[in-house]
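*Asks:* using only what follows, build the 3D model:
(2 chains)
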Amino acid sequence: MIETKNEFDKEPNYRKFMIEAHRRFHDRIVADLNGILPICNQGKCTAADISDNVTEQQQITDLMQKVEQLCTHLSENVTDLFSQYYRERGRFCGAAYTTTAEIKVNLVDRTLLDRSTDVRWWSKEPILANCVSAMKKTSKSLTSDFEEMSAFLEGAIATFRIPSVSSGWTSMDLTDRVKEIIAFFPRKRELMFNPAIRAQFEKILTDFTDFLKGGDGQEGTIKFAGKLLSKLAGCEKHIQGACQQLEMIRSTYPSLFEIVVTDDQGVVLANARPDRRAELHAKSVAHESWCQKSLKGSSNHTHIERAQLKEESHPAIVFSTAIKDPEDRQAGILGSISVFCDFQSETQSLLDNYLPTEKDGRPKDGWFSFFTDDRGIVICANDPGAILPGSHCDLPRSHRTLDRGESYWSHIVFKGRESIVFSACSTGSKSIGGSGWVSHLVAPVCDIMQAETQSTKLNLGHHQLMESKLIPEISKLTYAALQEDRQAIKLISLNGILFASQLGKRGAALAPVFDKITATGDSATSRMESLLYEMAGSEIGLNLHLQETLARQAVDLMSQKIYERSLALRLWARTNSLRSSLLNTTDDPAADVTGLLRMINDDYPVYRNILLLNNRGEIKASSRPKRLAECDGMSVADQVWFMKAIRSSSNDHTMVSEGRVGELDNSKFASLVFALAVPGEKEDSSPIGVLACLFDWQTEAVEILNSCLPKSSIGRPVQGAVAFFTNRDQIVLESTNSSAVKIQEFIPLADEHFQLSAGQTYSGTFVLNGTTYIAATAKCDGRKRFDGLEWSAHILRPLV
Amino acid sequence: MNERIFTFWVGEQIYGLPLLLVGEFCPLMQVTPVEVGDSRIPGVAHVRGTTAVVLDMRRVLGTTTETTEPIKKDRVFVLSQDQICEEGRQNNLRTYEEPIVLEIDRLGGILDVDTDDLHATPAHLTEEFYRGVFEMESGDLILLEFSKLIECLIHDLKKADR
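*Replies:* All right, here's what the predicted structure looks like:
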């Protein structure tokens, strides 16, 4: 439950937000009401003039006093009404925009969580563990190898100093050549990591051993030199293998700008970017906290922190975890893998999202969105030029130090502009603590507290508007009280005029007094009524905005999930063991492939099953073979997703299709099928099979939809609200209330809800089972994610 | 000839009655239900120390139309014949021998009208107690003849008794 605090709770200072029109409005009503008081005095005087009858005089005076009391009451009410208007507007804006801030930080949390899982999975790649392990072993043995080689070389010098007739050798001093070779031995790291140095060494040593081949008794030296060179060549092979793997990961995930693998001493062994290899390899990063923490941690934990690679212009988020021996998970830590993510670029679209835009598509001036860590340091910002990542954020402490799930908003001057800042800390979940980062949304006061309302959008009548559940109870009470006051003034005026009429000619002097009272009372109360309508319209407008935002959140979360998962598939499809298994013509899949798929599935439980299919569409291996028991020998060659996937290359986007219920795993659930071609021996060779993942999107969808339900002021989902996903055919895919909105059935929402372009939102009224709802729809943003699914998210909230 | 009338709404129709028939425009008052066998008379109310019969004008005028706004039910206290003021008597205003409370949907306002502008009741409006119609911008205002309205009601009641 989100707790929203705000400065208004402490100090109800609404006056600073009042727009000029409202000030004038307020002043005019108060002046009008004050203007009645002298009229009442005039009435009392007239009473004395027109009648000597004390009872009649008293009747007139009583009426005038009633009018005075009502005017005073109305005057107080009008001031309260403005106070209420701005406070309510503030509360609504607070609820709407802190929800936006919360949505953003929770989306970031999910990105971090997904990336952490990916990094843990990458750390299990055998090629990396083998590299670290081999390099460690080589490094350890090279010291003694160099000593032994030195002894061999000294022996060779001695041998060549003694002339031998049988060999035809002449006395020769090889000291200089040996010195040249031995000079390389202290440069162990360079020999291991630097191909150029290693090539120099190899040339000198090979020349030397070639020379030795002419003599007798040098076999030992030649053999050992060969062994030494092969060991060094092994280093190169391991490093190359690891680097290729890292390059492949980086090419699959566009937001990664570097991946670094170190040994347990923090020495960089491999990296993803070829241009930085010479500089990074053999360099120690043991002093970096991300390296230290990953080496001290476990392989089941990913450490996340802000970091900066010197060469990069902006800071990165580094995800690091330990590398362990895949064969022996209980063994100690071999090294670490650290993934540098260009978080600014990755989150740019998220930061820009939900901000109002100018005609050119840029966020409106004065609107900012950024994240800070627990120390208040900016992690990324929608406008990094104005809010520098890595700098200390320019916000009061109450915005920076929020607890999990807490939010706060207040009115401050930000970048020289009167603004309201909405801040929300990530919620986390029971299993995952969350990043603890705080999302801030800055909006100019004039754009939200003083913006025009959108009450006409729903085309509601005044009565319907005031009866709406979206209008706070206090507004309804004020409306009712105002109606009573209006009625009371009317009755007093009518009775006054009646009284004057009954007095005949004597009462003629009183008639203008009551006419004036009637006119002023009517005018003041009508103005107050229209303010209440404006207030109600504004609240409805903000509710619509909030609902559309929630719908966008739902569809964004879902598409992000699908996008992230599809990226992972591209990497897995290129795993060597899968390719080898498909190239093997025997019917039984290799046990290690099943084991590998199971391991992936254990790490990514969002998949119901992972299948390896050959190019005829036959299932060769499965992560959950038991679930396939009744599908034995089944072919999916006729499935559209399979046909599309087998015709694609592993560089193409993953095919994502809506699967039929129980299609592949004999379950009662529908799945999304992610499918990608597995390339042959070479990357560009034709596909030899397909890797398919059955994504358990329903479990994910329910969780996402529940998190997107509109909440009441106490943080509970609004009663009767429903959130659901539909496909392009208006069929409900998943719903938070399947009795109100039935799954797998057509939902008769207006066409406008389904004629949206990617990323657009729409809201309107919708009647379902006799209940009128406000319905907000958001279409999947296909420009950045997938456009193939064309799913929409909808949020319904009862209107009356 | 000028006449001051008060207007009121029943359903979507606006009606008028002479202002001088009125003793008071009352806020919501307690109505004590009385069983008289006619739904047009829901009960009696106590006003100014007297007991007055309450007439449900929706039923009296036979209005069945629903309004979009909620019905507030204003009340108008109509004086008895002997309570009519001097000016009323001079204008030959006739009411009933007992005070009566009219239960209406909502009050309109007070208008000064020229009875020369009063048009004959259209043929489709057959009620005897319709005095005529004023054409107004917002629609036709039906001026009622209160004494005839009461007569019709009493006639109906007597008929029912027989």
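*Asks:* what's the spacing between whatever residue of the stretch 51-200 of chain A ends up closest to chain B and B:L21?
*Replies:* Among all residues of the stretch 51-200 of chain A, A:Q59 sits closest to chain B, at 10.7 Å; criterion: C-beta to the nearest C-beta. C-betas here are computed from N, CA, C, even on glycine. Using C-beta to C-beta, to the nearest Å, A:Q59 is found at 19 Å from B:L21.
*Asks:* same question, A:S530
*Replies:* 35 Å.
*Asks:* tell me the secondary structure at the residue nearest the centre of chain A.
*Replies:* Closest residue to the average C-alpha location of chain A: A:L107 at 2.2 Å, with C-alpha atoms, centre = their mean. Classification of A:L107 by DSSP: H, G, I helix; E, B strand; the rest coil places it in helix.
*Asks:* so which bits of chain B are right by chain A?
*Replies:* By C-beta under 8 Å from any C-beta of the partner chain, the residues of chain B that approach chain A are B:4, B:6, B:19-20, B:22, B:24-27, B:68-70, B:72, B:74, B:85-88, B:107, B:109-110.
*Asks:* tell me which parts of the stretch 151-300 of chain A are close to chain B?
*Replies:* Residues of the stretch 151-300 of chain A lying near chain B (C-beta under 8 Å from any C-beta): none found.
*Asks:* in the stretch 151-300 of chain A, which spans are strands?
*Replies:* Secondary structure of the stretch 151-300 of chain A by DSSP state E, counting those that start in this stretch: the strands cover A:256-263, A:268-271.
*Asks:* just name the most buried of those.
*Replies:* strand A:268-271 (a mean of 26; mean count of other C-beta atoms under 10 Å in any protein chain shown).
*Asks:* packing partners for it?
*Replies:* helix A:126-161, helix A:219-252, strand A:256-263, helix A:277-280 (3 or more C-beta pairs under 8 Å, 6 or more residues apart in numbering or on different chains; DSSP states H and E).
*Asks:* these: which one's closest to B:T51?
*Replies:* strand A:256-263 (90.1 Å; C-beta to C-beta).
*Asks:* list the helices and strands that closest one packs on?
*Replies:* So strand A:256-263, by 3+ C-beta pairs under 8 Å, 6+ apart, packs with helix A:126-161, helix A:219-252, strand A:268-271, strand A:316-324, strand A:333-341.
*Asks:* pLDDT on the last one, on average?
*Replies:* Meaning strand A:333-341. Across strand A:333-341, pLDDT averages out at 91.
*Asks:* not counting it itself, show me its contacts.
*Replies:* Residues outside strand A:333-341 that contact it (C-beta atoms under 8 Å, 6 or more residues apart in numbering or on different chains): A:115, A:119, A:122-123, A:128-129, A:132-133, A:136, A:255-264, A:266, A:269, A:285, A:290-291, A:294-295, A:299, A:307, A:309, A:312, A:316-325.
*Asks:* give me the buried positions along that strand.
*Replies:* Under the neighbour-count criterion of 16 or more other C-beta atoms under 10 Å in any protein chain shown, strand A:333-341 has A:I333, A:L334, A:G335, A:S336, A:I337, A:S338, A:V339, A:F340, A:C341 buried.
*Asks:* how about the fifth one: what's its closest non-neighbour residue?
*Replies:* For A:I337, the nearest residue in space outside its immediate sequence neighbours is A:S123; the separation is 4.8 Å by C-beta to C-beta, 6 or more residues apart in numbering or on different chains.
*Asks:* before we move on, the earlier item: so which of the helices and strands packed on strand A:268-271 is the most surrounded?
*Replies:* strand A:256-263 (a mean of 24).
*Asks:* quick one: that strand to helix A:219-252, angle?
*Replies:* Using axes from the mean of the first three to the mean of the last three C-alpha atoms, to 10 degrees, the direction of strand A:256-263 lies 150 degrees away from that of helix A:219-252.
*Asks:* tilt between strand A:256-263 and strand A:333-341?
*Replies:* Going by the same axes, to 10 degrees, strand A:256-263 makes 170 degrees with strand A:333-341.
*Asks:* list the contacts of strand A:256-263.
*Replies:* A:122, A:128, A:131-132, A:135-136, A:139, A:242, A:246, A:249-250, A:268-273, A:276, A:280, A:285-286, A:291, A:295, A:309, A:312, A:316, A:323, A:334-342.
*Asks:* stretch B:25-33 too?
*Replies:* A:487-488, A:491, A:494-495, A:498, B:6, B:42-47, B:54, B:73-77, B:101, B:103, B:107.
*Asks:* can we see that at 7 Å?
*Replies:* A:491, A:494-495, A:498, B:42-45, B:47, B:54, B:73, B:75-77, B:107 (C-beta atoms under 7 Å, 6 or more residues apart in numbering or on different chains).
*Asks:* save the helices and strands packed on strand A:268-271 as JSON lines, and put in distance to A:V442 and mean pLDDT too.
*Replies:* What follows is the helices and strands packed on strand A:268-271, written out as JSON lines (distance: least, C-beta to C-beta, whole Å; pLDDT from 0 to 100):
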{"stretch": "helix A:126-161", "distance to A:V442": "42", "mean pLDDT": "86"}
{"stretch": "helix A:219-252", "distance to A:V442": "34", "mean pLDDT": "89"}
{"stretch": "strand A:256-263", "distance to A:V442": "28", "mean pLDDT": "91"}
{"stretch": "helix A:277-280", "distance to A:V442": "38", "mean pLDDT": "85"}
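*Asks:* mind putting these in TSV, distance to A:A740 included?
*Replies:* As requested, those are exported to TSV (distance: least, C-beta to C-beta, whole Å):
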stretch	distance to A:A740
helix A:126-161	51
helix A:219-252	41
strand A:256-263	43
helix A:277-280	58
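*Asks:* ok so, going back, report the contact partners of the residue nearest to A:I337.
*Replies:* A:S299, A:T321, A:A322, A:I323, A:I337.
*Asks:* between which two of the residues you listed is the distance greatest?
*Replies:* Taking C-beta to C-beta, no two of the contacts of A:S123 sit farther apart than A:S299 and A:I337, at 9.6 Å.
*Asks:* before we move on, back to that, among the residues of chain B next to chain A, name the buried ones.
*Replies:* Applying 16+ other C-beta under 10 Å to these flags B:4, B:6, B:19-20, B:22, B:24-26, B:74, B:85, B:87-88, B:107, B:110 as buried.
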